[in-house]
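J.: A structural model of the following input is requested.
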Amino acid sequence: MAFRSLLSVVTDASLTEPTLRQGIALAQVLDAHYDALCLGVDRSQTGYYYAGANAMILQETLSRAQKESEKLEAQATALLGASGIRWGTEAGVAQIADLGRHVAARARFSDLVILPQPYGEKTGAELEPTMEAALFEGQAPVLMIPTEGDPIRTPKKISIGWNESSEALVAIRAAMPFLVKADSVHVVVIDPPTHGPNRSDPGGMLSQYLARHGVRVEIDVLSKTLPRVSDVLIRHAKDTECDMLVMGAYGHSRFREAILGGATRNMLEQADIPVFLAH
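T.: Numbering: from 1, shown residues only. Alright, predicted model coming up:
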C-alpha cells in the first residue's frame, strides 16, 4: 500500500513548523495529500478544577483554546500554502480528556500520521494521548519525529526492531513503502529465544518475506548489553547510521508502560531519529 493520505495533529505553536516540514517533505516525495488538524486544547481537568467554577471561567478557557487553534491554523496555512503540495487544514477545540476522539476520527482515514516527539522538558500533556489515539483508536501507523533534526524524504538505511510480536509485524507491513526503497534494512534481533521454531535462524523467515518484496535486508543478532532494549536499538541505529527505526508499539498495556516503563515509551523519550510505529 502506498502512502497517499498523510495527517499531522498540531497543538503546540513551537512544534508546528518542524512537524509540518517533515510532512511536506514526505508529501512531495510520495505525491500524497497532506492534512493538518490544528487543535486548540483546553488543558484544564473538568472533573477537578471546575468543581465550583462558573460559566464565565468555562467560557474563558474555551475562548483561549479557540484563539490558539486559529493561530495554529494560520501558521499551518502559511507553511503549506508555499509548499506546492496538495493540502488541507482543519481547526477545532478539544478538551484534553476528549482529545483522542477527535484525533482517531481523522487518523482512521489516513495512511500515515506524522507527530512530534511526545516527551520532553517543554512538551505539552496532550502529545502523549494524541499519539496513542492515532495508534490505538485510529489504527494508523505513526511516524514520530524527534525534537531536533532535518526532515527525512526517502530513508536510505532503516533499522527494524524484531521480537516476533504481532505489533512488530504490523509495523513492518505498514512500513513496506519505505522498506522497499531503502538502500539497506537491518533486522535487529536482541537476545533471541533459545527454544522455539526459529532458534537456529532468528529473523530468517522475516528476512525471506522482506526479500521477496525486493527489500535489501540483513540480520543483526545482538546481546542485551545495555539495561533496556531501546538503548540497544538506538545505539545500533547510530552505529549503522540508520535514518529511521521501525518497531511495534505497546506490546504491553499503555497503563503498564506509563507506570513501569517499556520499550515503546523509552524509545519515544530517547530517540533522536524518526521512529515508525504501529500497533
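J.: so which residues of the stretch 1-150 of the chain form strands?
T.: Secondary structure of the stretch 1-150 of the chain (DSSP state E, counting those that start in this stretch): strands at 5-10, 33-42, 86-95, 112-116, 142-145.
J.: from the ones you listed, which stretch is densest packed?
T.: Ranked by mean neighbour count under mean count of other CB atoms under 10 Å, the strands of the stretch 1-150 of the chain are led by strand 112-116, which reaches a mean of 27. C-beta here means a position set from N, CA and C on the backbone, and glycine is covered the same way.
J.: and the contacts of it?
T.: With CB atoms under 8 Å, 6 or more residues apart in numbering as the test, strand 112-116 has contacts from 3, 5-9, 12, 15, 18-19, 22-23, 26, 107, 123, 127, 130-131, 134, 138, 140-145, 147.
J.: in the longest helix along the chain, what's buried?
T.: Ranked by number of residues, the top helix in the chain under DSSP state H is helix 55-81. Residues T61, A65, E68, S69, L72, E73, Q75, A76, T77, L79, L80 are the ones in helix 55-81 that count as buried (16 or more other CB atoms under 10 Å).
J.: any chance of the residues you listed in a markdown table, plus pLDDT and distance to V180?
T.: Output for the buried residues of helix 55-81, formatted as a markdown table (pLDDT from 0 to 100; distance: CB to CB, whole Å):
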| residue | pLDDT | distance to V180 |
| --- | --- | --- |
| T61 | 79 | 47 |
| A65 | 88 | 42 |
| E68 | 94 | 40 |
| S69 | 95 | 38 |
| L72 | 97 | 35 |
| E73 | 97 | 35 |
| Q75 | 97 | 34 |
| A76 | 98 | 31 |
| T77 | 98 | 34 |
| L79 | 97 | 29 |
| L80 | 98 | 28 |
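J.: as a markdown table, those with distance to T154 would be great.
T.: Compiled in a markdown table, the buried residues of helix 55-81 are given as follows (distance: CB to CB, whole Å):
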| residue | distance to T154 |
| --- | --- |
| T61 | 43 |
| A65 | 37 |
| E68 | 34 |
| S69 | 33 |
| L72 | 28 |
| E73 | 29 |
| Q75 | 27 |
| A76 | 24 |
| T77 | 27 |
| L79 | 21 |
| L80 | 21 |
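J.: nearest to Y250, of these?
T.: Set against Y250, the nearest of the buried residues of helix 55-81 by CB to CB is L72 (27.6 Å).
J.: bridged to the residue nearest to that closest one when sequence neighbours are not counted, which residues?
T.: The shortest distance from L72 to any non-neighbouring residue, by CB to CB, 6 or more residues apart in numbering, is to C38 (3.8 Å). With DSSP bridges as the criterion, C38 is bridged to V10, A91.
J.: any regions of the stretch 101-250 of the chain where pLDDT drops low?
T.: Along the stretch 101-250 of the chain, segments meeting pLDDT under 70 span 194-200.
J.: checking the closest residue to V188 other than its chain neighbours next. Helix, strand or coil?
T.: Leaving aside its chain neighbours, V188 sits nearest to D220 (5.1 Å; criterion: CB to CB, 6+ apart). For D220, the assignment made with DSSP: H, G, I helix; E, B strand; the rest coil gives strand.
J.: list the contacts of the residue nearest to L72.
T.: When contacts are counted by CB under 8 Å, 6+ apart, C38 is found next to V10, T11, S69, L72, E73, A76, T89, E90, A91, G92.
J.: ok, so of the residues you listed, who is nearest P177?
T.: V10 (23.8 Å).
J.: good, wrapping up.
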